[in-house]
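S.K.: Need a 3D model of the following:
(2 chains)
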Amino acid sequence: MAEIEIKNVTKCYETKKGLYKALDTVNISIEKNEFICVIGPSGCGKTTLLNMIAGLLPPTTGEIKVQNELVTGPGKGKGVVFQQYALYPWLTVMDNVAFGLRLKHVPKEERERIAQKYIDIVGLSKFTKSYPKELSGGMKQRVALARAYAANSEILLMDEPFGALDAQTRAQLQENLLQTWQTEKKTCFFITHDVDEAVLLATKVIIMSAGPGRINEMVPIDLPYPRNQATKLLPRYNEIKNELWNKVYREYLEHSK
Amino acid sequence: MFTRFKLQHKRLYDLICLCVSIFTAFVLWILISSLPDIGNVIVGPKVVFSALLKNIPNGYLWKQTSASLFRVIFGFLLGFAAAVPVAFLLGWYEGFRTIVEPWIQFLRTIPPIALIPLVIALLGIGTGAKVAIIFFAVFLTMVITIYQGVRNVDYTLIKAARVFDANDIQLFYHVVVPATIPYIFTAIRLGLATALTTLVAAELTGAASGLGMMIQQAGMYFRMDVVLMGILVIGIIGFILDKIVLFLEYKLTSWQEVKSNG
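M.R.: Numbering: from 1, shown residues only, chains lettered A, B, ... in the order given. Presented below is the predicted three-dimensional model:
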């Protein structure tokens, strides 16, 4: 049984010019412990799709099931990492990471123990008591990651989480994410613009096209595990990357015509 | 090391600037008061200070100041207490907003002074009337500001809480309230200033005590030293109240990202 099941989902928005179709008949089935990366030109409805899986938006037609349960609203064990960090500026790093646990009434001592564990994992041990305004963009995104991990969600939905980071921080966080995903057996749905990132992280890459958003192709990535930055040196890595690049590039060209 | 060195210099620099600013104001005051004709109205600092020296020891100034302060604080607190719940309801419930917001916009354009005849007819000329007028002005100023804050809560922060299964009460308590606190402080500063300006206006139209009454009465006898003394005291009270609120704001919302110009 699939962990995430998306069946005949379309999404339309009402605009001044009339009905705008953002997503057209999307079908995806994601198994447990898969790492799905989604690539596509902007406006292809990637974020809309993620928001619908998260339960923040209802599909216009079709249905989405997570762990065999129909998605009707947010919550229920899905961790989301947003593009814009979405940290609470009035909470310290510790309290931000423990936020989800606090809402679930986990006792203070236990939630701080769990939060500390994930703060250490993302490498922010020295900043436990800092406020978001004292952190750089990369550090803020680490806090957001730790917060999603700490809620112990089996499913992680991530919307270009590393898009705004410098190359080095991005590489660090990618390895970090790979490790956490492998050791904690999570299922990931990860949106990115970066083909390199998709090849390194994904078990399968979904290529989408725009206007209206559609799934074009699902490409399995058969690189061995454990993966890390050294994986990029394998000849097979470059093969896959080039193959993917051609497909994605075609898509961008089509779109810009 | 370097920053501390710089910080100390910055404080010294600020202090010097403050002294220069006060000194310049006094020089200007003296210059203006020494002009012929104008000097009879805008009397010099020496005359005003001798009025202060006379009216502080005999308790007259304190009596007027405390009467005014009591009205300001009482009216402000009532206005504040009413503004917070109404603002949150406005920001949170569309139905409430649709019904109440037009009325707030309508009342907002009415100068509080215009209500004085009504209030006097209803409540007499005692403290109640002044407090009611201040309440009216403070409430409207604060409700708009806080309501703006509730509406400005970053939507991604709400989404982030939603994905953690937050219910409405948790969303309100853990996200909306803390995110609105900076706006509440702005509202407090605006509300206090409104309370002071409205109070003096209210007292000008008839009161047995208070700084506004003192200024009004002194004006009738052409005692410009007392008028200026009253203006000075009101300004100082406003300044001190504002500084207290700023200090509290700094203590309670230091998490805020402040755009600095270096």
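
S.K.: burial of A:K7, as a residue count?
M.R.: Neighbour count for A:K7, taken as other C-beta atoms under 10 Å in any protein chain shown: 15. Bear in mind the C-beta positions are built from the backbone N, C-alpha and C, glycine included.

S.K.: what about it, helix or strand, and which?
M.R.: Applying DSSP states H and E as the criterion places A:K7 in strand A:4-15.

S.K.: Can that strand be said to contact chain B?
M.R.: No - Strand A:4-15 is not in contact with chain B by C-beta under 8 Å from any C-beta of the partner chain; minimum separation 14.9 Å.

S.K.: ok, then the element right after that strand?
M.R.: strand A:18-30.

S.K.: what's the strand holding A:K7 packed up against?
M.R.: strand A:18-30, helix A:46-54, strand A:61-66 (3 or more C-beta pairs under 8 Å, 6 or more residues apart in numbering or on different chains; DSSP states H and E).

S.K.: Centre of the chain to the helix or strand where B:I184 lies, how far?
M.R.: Using DSSP H and E, B:I184 sits in helix B:177-204. A distance of 4 Å separates the centroid of the chain from that of helix B:177-204, by C-alpha atoms, centre = their mean, to the nearest Å.

S.K.: for it, packing partners?
M.R.: helix B:60-92, helix B:127-151, helix B:211-220, helix B:224-252.

S.K.: Do the following helix or strand past the second one and chain A come into contact?
M.R.: Put plainly, it is helix B:127-151. Toward the C-terminus, helix B:127-151 is succeeded by helix B:155-162 as the next helix or strand (DSSP H and E). Yes - Helix B:155-162 lies within reach of chain A by C-beta under 8 Å from any C-beta, at B:T156, B:L157, B:K159, B:A160, B:A161, B:R162.

S.K.: now the angle between helix B:177-204 and helix B:155-162, please.
M.R.: 130 degrees (axes from the mean of the first three to the mean of the last three C-alpha atoms, to 10 degrees).

S.K.: quick one: helix B:155-162 to helix A:46-54, angle?
M.R.: Going by the same axes, to 10 degrees, helix B:155-162 makes 30 degrees with helix A:46-54.

S.K.: Just the buried positions in the helix or strand just after helix B:155-162, please.
M.R.: Beyond helix B:155-162 in the direction of the C-terminus, DSSP H and E gives the next helix or strand as helix B:168-171. Residues B:Q170, B:L171 are the ones in helix B:168-171 that count as buried (16 or more other C-beta atoms under 10 Å in any protein chain shown).

S.K.: before we move on, what about stretch A:129-139?
M.R.: Neighbour counts over stretch A:129-139 (16+ other C-beta under 10 Å) mark A:S130, A:Y131, A:P132, A:L135, A:G138, A:M139 as buried.

S.K.: restrict these to contacts with chain B.
M.R.: For chain B, the contacts drawn from those by C-beta under 8 Å from any C-beta are A:Y131, A:P132.

S.K.: Identify the farthest-apart pair in the buried residues of stretch A:129-139.
M.R.: The largest distance within these, taken as C-beta to C-beta, falls between A:Y131 and A:G138 and amounts to 16.1 Å.

S.K.: ok now do A:I215, which residues does it touch?
M.R.: Residues in contact with A:I215 (C-beta atoms under 8 Å, 6 or more residues apart in numbering or on different chains) are A:V26, A:N27, A:I28, A:I206, A:I207, A:M208.

S.K.: Quick check: the farthest pair among those?
M.R.: Largest pairwise distance in these, by C-beta to C-beta, is 14.4 Å, between A:N27 and A:I207.

S.K.: Counting neighbours, go ahead and name the busier of these two.
M.R.: A:I207 (22 against 11).

S.K.: Just to be sure, A:N216 is in a strand?
M.R.: Yes - under DSSP: H, G, I helix; E, B strand; the rest coil, A:N216 sits within a strand.

S.K.: can you count the residues close to it?
M.R.: 18.

S.K.: Distance check, it against B:I56.
M.R.: 84 Å (C-beta to C-beta, to the nearest Å).

S.K.: Assign the residue positioned nearest the centre of chain A to helix, strand or coil.
M.R.: Geometric centre of chain A, nearest residue: A:M158, 1.9 Å, by C-alpha atoms, centre = their mean. What three-state DSSP gives for A:M158 is strand.

S.K.: So in terms of bridging, what pairs with it?
M.R.: Per DSSP bridges, the residues bridged to A:M158 are A:V81, A:F190.

S.K.: What distance do you get for it to A:P74?
M.R.: In terms of C-beta to C-beta, A:M158 sits 15 Å off from A:P74.

S.K.: Roughly how far does B:L248 sit from chain A?
M.R.: B:L248 is 15 Å from chain A, where distance means C-beta to the nearest C-beta, to the nearest Å.
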